[in-house]
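Asks: Just to be clear, the model below is a prediction. Sequence and coordinates:
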Amino acid sequence: MSTIRLTMAQALLRFLDNQYLSVDGNEQKFVEGVFGIFGHGNVTGIGEALERSAGSLIYRQGKNEQGMVHSAIAFAKQRNRQQIYACTSSIGPGALNMVTAAATATVNRIPVLLLPGDNFASRQPDPVLQQLESIQDYTISATDAFKTVSKYWDRIVRPEQLMTAAVQAIRVLTDPAETGAVTLALPQDVQAEAYDYPLAFFDKKVHYIDRRPAAEGAVKRAAELLRGKRKPLIIAGGGVLYASASQELAAFAEAFGIPVAETQAGKSALPWNHPLQVGAIGVTGSLAANRLAQGADVIIGVGTRYSDFTTASKSAFAHPDVQFVNINISGFDSVKLNGVGITADAREGLIALQEALTTSDYSTAYVSGEIDGLRQQWTAEVDRLYAAQHEAGLAQTRALGVINAEIDPSSVIVCAAGSLPGDLHRLWRPTEPKTYHMEYGFSCMGYEIAGAFGAALAEPERDVYAMVGDGSYLMMHSEMVTSLQEGRKITVLLFDNHGFQCIHNLQRSQGSDGFGNEFRYRTEATGGLTGAYMPIDFAAHARSLGAKAYKANTAEELQIALQQAKQESVTTLIEIAVVPGTNTDGYESWWNVGVPEVSVSSKVVQAHENMKARIQAVTII
């Protein structure tokens, strides 16, 4: 057997550089490159390998370990999980900075390969700088924290172990049902140790994603249930987009006249103006979708994991005999809500179920104009909110209306946290698939700008906009610098509403007077953060990093700023001053949150009683 002597780090890169993915006959490299921030735990190991023997892998320099993983996640998400980046860090704090992003990937079922440095496997120089020593179990290191947030975890303590671990890592990363964060912890001494690897280990390897067909029995059971139902509602999740099944979704809905609602991950699966598109579902849902959900006797979930925001904490479905049919590549998700599961690729499942229902002449009981009437009402409501005026300044919904009208329909918007996801889910009007990029599985603050950079790497031909609140911006804006370094323009739309206003609204709705969520000065009179708003010049900050920047205080100024930003060749920030509390809310939805049973405030106690009554009314499994 022919061999080649390489360090473990060199062998890992050579292996990754020869992994390919084939989907529907289209073959492409699976690993595009490696994001990295170097420290003593990886710079002389994988860092040297990237410098001297990276092959065709592209190295991109992160500025924050969490941020660079978010960029890698967004890249994979925008590429429909068919290409990835790996991410390498040093040991200790550098590694642990990636844990939050690892959870973001796993919750959202997005593949990302994490390569954190680790303690010396030999233990000879222990304890090294940044080493975590556990006195009850010396085998534990900081990288053990990745176990709970990874779909596959391994530690390479001998160079030859790479051959098993790498194969298993790629297996999970390319499995649409099992994918998420994969962590290979790399002790810093083992990274540099050499081994005579078989050349066959580095042969080109093509991994095939064969669309999982729908089992005949599962389709039969689902069709039998549906034949007894007359008011179905489809909930389209992210699985529709990952399976490139938008056309099949439209064909299925049109064949039987079934309205389609969308989750955050599934939004843009159908154009907003499709006659059966009823908009967002759940806590951040439209009035049309939520009213149809209340009366639906069966929910057809396609590629959704049924988060509490989608189900309105399981209160969205009020019909006494409501049942669920779930098409999902993951068996874990297909059985949720005690549903009849079709564990299959979303496209294949829709095609099979449509054929079965067509054979039996299935029809719904929606009366003429029922769905269209609700759609027209909601369209009018969105128009109203897009045109909303506020005496104190620019309303957030008005700002979104200006942006939606001004940017190109092919542009990608990226968002993750705060009040913007609710407004965008309800109000944004996409006409093309994959133009709405929302990370709302983990709703991780700080994802927005890093995610926009990742999306721009994935689709450089599109304009990419990061929608971010001032709170998220202050948490993480570091990858703006990377976008400038790489020459990949993004436009950051920063909504300045003086704090964490989404949670401020939530706490006040549950009896609080408002505490700790606005960016105000501390005052001597109260001892609290109750003074004037802090004036922060975000545009000046962006300029200091090398970006272009504009400010907008009115709808007219925003329109002009958007037009000017389009002409810029580098990353640009528009600071948009919006009136706090001018976001959307409600629309016959509810969210279950813990409210204190005992409090000195009668408002809080009453809020608890109200919440308790709503909880008791929910009967869905």
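Replies: Here it is on my side, so go on. Since the structure is predicted, the reported quantities are computational estimates derived from the model, not experimental observations.
Asks: what residues are up against the residue lying closest to residue 523 once chain neighbours are set aside?
Replies: If the residues on either side of it in the chain are set aside, residue 523 comes closest to residue 531, at 4.3 Å by CB to CB, 6 or more residues apart in numbering. (C-beta placed from N, C-alpha, C; glycine too.) By CB atoms under 8 Å, 6 or more residues apart in numbering, the contact set of residue 531 is 520, 521, 522, 523.
Asks: for residue 209, same thing?
Replies: Per CB under 8 Å, 6+ apart, neighbours of residue 209: 21, 22, 23, 82, 174, 176.
Asks: Give me the pLDDT value at the fifth one.
Replies: Read it as residue 174. We have a pLDDT of 98 for residue 174.
Asks: Hmm, residue 30 and it touching each other?
Replies: Yes - if you go by CB atoms under 8 Å, residue 174 and residue 30 touch, sitting 6.8 Å apart.
Asks: Which residue ranges of the stretch 501-621 of the chain form helices?
Replies: For the stretch 501-621 of the chain, the helices defined by DSSP state H, counting those that start in this stretch cover 501-509, 538-545, 555-567, 602-617.
Asks: Hmm, I typed the wrong one, I wanted the stretch 101-250 of the chain.
Replies: 162-173, 188-191, 216-227, 238-242, 246-256.
Asks: Most tightly packed of the ones you listed?
Replies: helix 238-242 (a mean of 27; mean count of other CB atoms under 10 Å).
Asks: Any stretches of the stretch 101-250 of the chain with poor pLDDT?
Replies: For the stretch 101-250 of the chain, no stretch is flagged by pLDDT under 70.
Asks: how many other residues sit next to residue 534?
Replies: 13 (other CB atoms under 10 Å).
Asks: make that residue 200, sorry
Replies: 10.
Asks: close enough to count as contact, it and residue 4?
Replies: No - judged on CB under 8 Å, residue 200 makes no contact with residue 4 at a distance of 10.5 Å.
Asks: can you tell me how far the nearest residue to residue 537 once chain neighbours are set aside sits from residue 519?
Replies: Nearest residue to residue 537 in three dimensions, chain neighbours excluded: residue 575, at 7.9 Å (CB to CB, 6+ apart). Here residue 575 is placed at a distance of 14 Å from residue 519 (CB to CB, to the nearest Å).
Asks: between the two, which one's more packed in?
Replies: In this view residue 575 and residue 519 are compared by other CB under 10 Å, and residue 575 has more residues nearby, 24 against 18.
Asks: in the sheet, who's paired with that one?
Replies: Counting by DSSP bridges, residue 575 is bridged to residue 494, residue 551.
Asks: what sits against it?
Replies: Contacts of residue 575 by CB under 8 Å, 6+ apart are 494, 496, 537, 538, 539, 542, 549, 550, 551, 552.
Asks: would a markdown table of these with neighbour count and distance to residue 453 be doable?
Replies: Shown next, in a markdown table, are the contacts of residue 575 (neighbours: other CB atoms under 10 Å; distance: CB to CB, whole Å):
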| residue | neighbour count | distance to residue 453 |
| --- | --- | --- |
| 494 | 27 | 15 |
| 496 | 24 | 21 |
| 537 | 13 | 23 |
| 538 | 22 | 18 |
| 539 | 20 | 19 |
| 542 | 23 | 14 |
| 549 | 23 | 17 |
| 550 | 19 | 20 |
| 551 | 18 | 23 |
| 552 | 24 | 22 |
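Asks: could I get these as TSV with pLDDT and distance to residue 295?
Replies: Shown next, in TSV, are the contacts of residue 575 (pLDDT from 0 to 100; distance: CB to CB, whole Å):
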residue	pLDDT	distance to residue 295
494	98	40
496	96	40
537	98	50
538	98	45
539	98	48
542	98	48
549	98	48
550	98	46
551	98	46
552	98	42
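Asks: Show the buried residues in the contacts of residue 531.
Replies: residue 520 (16 or more other CB atoms under 10 Å).
Asks: quick check, nearest of the contacts of residue 531 to residue 502?
Replies: Checking the contacts of residue 531 against residue 502 by CB to CB gives residue 520 as the nearest, at 16.7 Å.
Asks: now the residue positioned nearest the centre of the chain: how far from residue 109?
Replies: The centroid of the chain falls nearest to residue 439 when counting by CA atoms, centre = their mean (2.3 Å). Residue 439 is 12 Å from residue 109, where distance means CB to CB.
Asks: And for residue 378?
Replies: Plainly put, residue 378 is 29 Å away from residue 109 if you go by CB to CB.
Asks: Over to residue 180?
Replies: Residue 180 is 6 Å from residue 109, by CB to CB.
Asks: got it, and residue 122?
Replies: Remark: distance between residue 122 and residue 109 (CB to CB) = 37 Å.
Asks: Between the two, which has more neighbouring residues?
Replies: residue 109 (24 against 12).
Asks: who touches that one in this structure?
Replies: Applying CB under 8 Å, 6+ apart, the residues near residue 109 are 81, 176, 179, 180, 238, 305, 330, 441.
Asks: so which of these comes closest to residue 133?
Replies: Nearest to residue 133 among the contacts of residue 109 is residue 180, at 29.2 Å by CB to CB.
Asks: Just give the number of residues close to the closest one.
Replies: Neighbourhood size, residue 180 [other CB under 10 Å]: 22.
Asks: Name all residues that make contact with it.
Replies: With CB under 8 Å, 6+ apart, residue 180 has these contacts: 105, 106, 107, 108, 109, 110, 111, 112, 150, 151, 172.
Asks: now residue 440
Replies: Contacts of residue 440 (CB under 8 Å, 6+ apart): 264, 265, 307, 309, 416, 421, 425.
Asks: wouldn't residue 117 be in contact with residue 93 here?
Replies: No - at 11.1 Å, residue 117 does not count as touching residue 93 under the criterion of CB under 8 Å.
Asks: ok, these two, which is more surrounded?
Replies: The neighbour comparison of residue 117 against residue 93 (other CB under 10 Å) goes to residue 117, with 29 against 12.
Asks: Show me the strands in the stretch 301-450 of the chain, by range?
Replies: 323-328, 340-343, 412-415, 436-438 (DSSP state E, counting those that start in this stretch).
Asks: to the chain's geometric centre, what's the distance from the shortest one?
Replies: Offset of strand 436-438 from its chain centre (CA atoms, centre = their mean, to the nearest Å): 7 Å.
Asks: what's the closest non-adjacent residue to residue 451?
Replies: Spatial nearest neighbour of residue 451, chain neighbours left out: residue 74 (3.7 Å); criterion: CB to CB, 6+ apart.
Asks: for the one you found, helix, strand, or coil?
Replies: At residue 74, secondary structure determined by DSSP: H, G, I helix; E, B strand; the rest coil is helix.
Asks: who's in contact with it?
Replies: With CB under 8 Å, 6+ apart, residue 74 has these contacts: 414, 437, 439, 447, 450, 451, 452, 453, 454, 455, 458.
Asks: confidence score at the nearest residue in space to the fourth one that is not next to it in sequence?
Replies: If the residues on either side of it in the chain are set aside, residue 447 comes closest to residue 416, at 3.9 Å by CB to CB, 6+ apart. Among the per-residue scores, residue 416 holds a pLDDT of 97.
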